[in-house]
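Visitor: 3D, please:
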Amino acid sequence: MLVREVMSSPVVTVLRTDPVRRAVRLLHRHDITAAPVVDAEGRLAGVVSELDLLRGEFEPDPRASARPVETPAEPPPRHVAEVMTGEVVTVTETTDVTVAIDLMVGKRIKSLPVLRGDEIVGMVSRRDLMAMLARPDEELCQAVREALSEQYPFGPSWDVSVHDGVAELSGPPHPHADRIADVLARTVPGIVRVRHLR
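Guide: Model prediction:
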């Protein structure tokens with residue numbers, strides 16, 4: 001599965017110069033956990049996450065402590081540029097989803113901007129990947145059948161079933177055709193493995 005099949009697009013971006021509160025409202029309104037930050041020319045300058053935006057926004061509640069609460073020494077950040085992450089890990093539309101997952105795990109990040117050259121064309125997040133895995137087996141089964149009939153109309157017919165995202169193809173053995181069917185079934189977002197039953 002490729003990133004372009006699971007990414008969210010069009011992408012919601014914020015400007016480096018946007019006030020923090022505007023970015024907070026934008027992420028909340030679009031129900032996203034992070035957004036690419038762009039400069040005045042629309043080029044990727046960073047990423048800002050919910051956690052970045054929360055920094056310094058709340059002062060201690062005096063009711064939570066018996067001691068007087070001190071006023072913070074510095075004012076809270078005012079602009080996105082002050083809280084964003086400047087070193088950005090990105091992927092392309094044709095990056096394999098397994099590579100994106102490895103990056104998320106290894107770098108401990110929730111979202112990756114998706115680039116086509118210098119253009120930001122989407123975001124892929126853990127939530128996007130979870131949505132693919134959450135697709136019902138019946139829906140996945142129908143999608144595999146459609147992929148086989150549309151992409152390989154003159155191939156042999158297979159009985160298709162899907163259980164927990166694993167596509168099972170059964171029918172008479174056709175080594176060459178089975179390899180093609182295997183590839184086509186794996187392109188269906190949400191299919192995690194393909195097995196041939198005899």
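
Visitor: For residue 145, give me its contacts.
Guide: residue 160 (Cβ atoms under 8 Å, 6 or more residues apart in numbering). Every residue, glycine included, has its C-beta placed from N, CA and C.

Visitor: how close does it get to residue 157?
Guide: 10 Å (Cβ to Cβ, to the nearest Å).

Visitor: list residues touching both of the two?
Guide: Going by Cβ under 8 Å, 6+ apart, no residue sits against residue 145 while also sitting against residue 157.

Visitor: In PDB, could you pull the C-alpha coordinates for the longest helix that the chain contains?
Guide: Secondary structure assigned by DSSP state H gives helix 137-151 as the longest helix of the chain. Written as PDB, here are the backbone C-alpha positions of helix 137-151 (Å, rounded to 0.1, in the frame of the first residue of the first chain):
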ATOM      1  CA  ASP A 137     -13.900  -7.200   6.100                       C
ATOM      2  CA  GLU A 138     -17.000  -7.200   3.900                       C
ATOM      3  CA  GLU A 139     -15.900  -3.900   2.400                       C
ATOM      4  CA  LEU A 140     -12.400  -5.100   1.800                       C
ATOM      5  CA  CYS A 141     -13.600  -8.300   0.200                       C
ATOM      6  CA  GLN A 142     -15.700  -6.300  -2.300                       C
ATOM      7  CA  ALA A 143     -12.700  -4.000  -3.000                       C
ATOM      8  CA  VAL A 144     -10.500  -7.000  -3.700                       C
ATOM      9  CA  ARG A 145     -13.100  -8.500  -6.100                       C
ATOM     10  CA  GLU A 146     -13.400  -5.200  -7.900                       C
ATOM     11  CA  ALA A 147      -9.600  -4.800  -8.200                       C
ATOM     12  CA  LEU A 148      -9.300  -8.300  -9.700                       C
ATOM     13  CA  SER A 149     -12.100  -7.900 -12.100                       C
ATOM     14  CA  GLU A 150     -11.100  -4.400 -13.200                       C
ATOM     15  CA  GLN A 151      -7.300  -4.800 -13.400                       C
END
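
Visitor: buried set for it?
Guide: 140-141, 143-145, 147-148 (16 or more other Cβ atoms under 10 Å).

Visitor: Likewise for stretch 48-58?
Guide: 48-49, 52-53.

Visitor: Looking at the residues you listed, which are in helices?
Guide: Per DSSP H, these map to helices at 52-53.

Visitor: Would you check which pair of the buried residues of stretch 48-58 lies furthest apart?
Guide: Greatest spatial distance among the buried residues of stretch 48-58 (Cβ to Cβ): 49 and 53, at 7.1 Å.

Visitor: so where do the strands sit in this protein?
Guide: 14-15, 34-38, 44-49, 91-92, 111-116, 119-125, 159-163, 166-170, 193-197 (DSSP state E).

Visitor: Deepest-packed of these, please.
Guide: strand 34-38 (a mean of 24; mean count of other Cβ atoms under 10 Å).

Visitor: For that strand, name the packing helices and strands.
Guide: strand 14-15, helix 20-30, strand 44-49, strand 119-125 (3 or more Cβ pairs under 8 Å, 6 or more residues apart in numbering; DSSP states H and E).
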